[in-house]
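S.K.: Need a 3D model of the sequence below.
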Amino acid sequence: MKETITLPPELDGNRLDRCLAALFPQLSRSRIEKSIAAGDVCLNSRVEQRKSRTVHSGDRLELEVVPENKQVPRSTASLHLLYKDEHILIIHKPVGIAVHPGAGERHETILDVFLREYPEALTMAADSDRPGIVHRLDRDTSGVLILARHRRSMRRMMRQFNQRRVQKSYLGLVFGIPRIPVGTIELPLVRSRRDRRRITVARRPNEIGVREAVTRYELLLRLGDCALLRLDPLTGRTHQLRVHMRHAETPILGDEWYGKGGPPFPRLALHAHNIRFEHPESGAILHAFSPMPVEFTAFIRSRLQA
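M.R.: Next up is the predicted model:
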């Protein structure tokens with residue numbers, strides 16, 4: 001099924017492939033390029049096979065929008081706002097939704113909802129295939145997330161993250177009690193050779209793809225054979241907290257990939273609780289909180305009453 005759309009003024013003068021990526025965020029960049037090369041894209045009712053073709057406001061584009069032969073589920077979900085101004089949003093990301101599209105099967109993401117509610121963010125698509133996304137949380141992690149509403153704020157926020165000037169703190173329920181109540185874990189991480197979706201502690205520091213990873217932790221509450229921890233990632237590596245906690249023999253509850261033993265938990269027990277950063281325009285210090293999930297409070301209450 002072909003979908004027809006008229007190019008909005010904010011995308012005037014951009015390349016065809018970049019405009020399609022902005023207008024159809026449910027499609028991967030590679031899928032768009034393949035569609036153009038195969039002659040499945042029409043520009044003003046004519047087949048256009050040059051991905052670098054410049055398009056203009058008012059041009060009529062037609063494209064098959066079924067990604068990888070699977071329709072992206074649509075919903076009426078809306079962003080849960082914690083803070084909003086003309087430059088940024090701070091939201092609570094629920095568990096079970098990805099921040100942006102990944103490889104393989106597609107489901108609606110935070111990016112999809114963001115672009116649906118704030119279509120002006122499409123103007124950033126010429127610079128990024130993830131407009132507005134300045135950092136991410138795992139699909140199964142909930143909590144506070146920042147989104148940029150325009151190009152300058154996005155660049156400035158990404159610079160803060162790259163320079164490690166953003167302070168993030170998570171809450172994690174783990175199986176086991178840390179031997180030392182407050183400490184720092186410094187273990188480099190690398191993508192697993194057996195399963196490229198997973199991360200592991202690097203055995204050799206000179207191994208290809210090894211990344212520095214540092215986590216500060218603090219024991220907040222003992223809960224029998226489990227504990228509530230505060231986890232501060234000083235670096236932002238994929239699955240960093242989950243892998244570090246597994247290596248420390250205190251795996252996060254509900255972690256199907258890196259967990260080991262412990263009582264059942266209905267989800268990954270990891271929550272981005274608060275974040276502190278400089279506002280990208282005013283420079284004021286913002287400190288945002290996402291409340292502890294009800295699953296956490298129910299588990300803590302049951303353990304304290306046992």
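
S.K.: Give me the distance from stretch 194-204 to the chain's centre.
M.R.: Relative to the chain's own centre, stretch 194-204 is displaced by 20 Å; criterion: CA atoms, centre = their mean, to the nearest Å.

S.K.: no wait, stretch 81-92
M.R.: Centre to centre, stretch against its chain (CA atoms, centre = their mean), the figure for stretch 81-92 is 16 Å.

S.K.: Could you verify my assumption that residue 35 touches residue 62?
M.R.: No: look at residue 35 against residue 62 with CB atoms under 8 Å: they stay out of range, at 10.5 Å. Any C-beta I mention is one placed from the backbone N, CA and C, and that applies to glycine too.

S.K.: Need the residues touching each of those two.
M.R.: Common neighbours of residue 35 and residue 62 (criterion: CB atoms under 8 Å, 6 or more residues apart in numbering): residue 41.

S.K.: so where do the strands sit in the stretch 51-200 of the chain?
M.R.: Taking DSSP state E, counting those that start in this stretch as the criterion, the stretch 51-200 of the chain contains strands spanning 60-64, 80-84, 88-93, 142-148, 167-175, 182-186, 189-191, 199-201.

S.K.: so can I have JSON lines of those showing mean neighbour count, mean pLDDT and distance to residue 213?
M.R.: Formatted as JSON lines, those follow (neighbours: other CB atoms under 10 Å; pLDDT from 0 to 100; distance: least, CB to CB, whole Å):
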{"stretch": "strand 60-64", "mean neighbour count": "18", "mean pLDDT": "83", "distance to residue 213": "40"}
{"stretch": "strand 80-84", "mean neighbour count": "13", "mean pLDDT": "97", "distance to residue 213": "27"}
{"stretch": "strand 88-93", "mean neighbour count": "21", "mean pLDDT": "98", "distance to residue 213": "22"}
{"stretch": "strand 142-148", "mean neighbour count": "25", "mean pLDDT": "98", "distance to residue 213": "19"}
{"stretch": "strand 167-175", "mean neighbour count": "22", "mean pLDDT": "98", "distance to residue 213": "14"}
{"stretch": "strand 182-186", "mean neighbour count": "13", "mean pLDDT": "98", "distance to residue 213": "7"}
{"stretch": "strand 189-191", "mean neighbour count": "19", "mean pLDDT": "91", "distance to residue 213": "5"}
{"stretch": "strand 199-201", "mean neighbour count": "18", "mean pLDDT": "94", "distance to residue 213": "9"}
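
S.K.: how about the ones you listed in CSV, adding distance to residue 286?
M.R.: As requested, the strands of the stretch 51-200 of the chain are exported to CSV (distance: least, CB to CB, whole Å):
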stretch, distance to residue 286
strand 60-64, 38
strand 80-84, 7
strand 88-93, 7
strand 142-148, 9
strand 167-175, 11
strand 182-186, 26
strand 189-191, 29
strand 199-201, 30
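
S.K.: Looks to me like residue 13 is in a helix.
M.R.: No: applying DSSP: H, G, I helix; E, B strand; the rest coil, one finds residue 13 to be coil, outside a helix.

S.K.: how far away is it from residue 131?
M.R.: 17 Å (CB to CB, to the nearest Å).

S.K.: Of these two, give the one with the bigger neighbour count.
M.R.: The neighbour comparison of residue 13 against residue 131 (other CB atoms under 10 Å) goes to residue 131, with 27 against 12.

S.K.: and the closest residue to that one other than its chain neighbours, what does it touch?
M.R.: Nearest in space to residue 131, with sequence neighbours left out and distances taken as CB to CB, 6 or more residues apart in numbering, is residue 124 at 3.6 Å. By CB under 8 Å, 6+ apart, the contact list for residue 124 reads 131-132, 148, 150-151, 154.

S.K.: let's see it at 7 Å
M.R.: Contact partners of residue 124, counting by CB atoms under 7 Å, 6 or more residues apart in numbering, are 131-132, 150-151, 154.

S.K.: can I get these in TSV with distance to residue 23 and pLDDT?
M.R.: Shown next, in TSV, are the contacts of residue 124 (distance: CB to CB, whole Å; pLDDT from 0 to 100):
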residue	distance to residue 23	pLDDT
131	11	91
132	15	94
150	18	94
151	17	92
154	18	95
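
S.K.: Output these in a markdown table; the columns should cover distance to residue 277.
M.R.: Formatted as a markdown table, these follow (distance: CB to CB, whole Å):
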| residue | distance to residue 277 |
| --- | --- |
| 131 | 19 |
| 132 | 16 |
| 150 | 17 |
| 151 | 18 |
| 154 | 13 |
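
S.K.: Pick the one among those closest to residue 17.
M.R.: Among those, residue 131 lies closest to residue 17 (CB to CB), at 14.6 Å.
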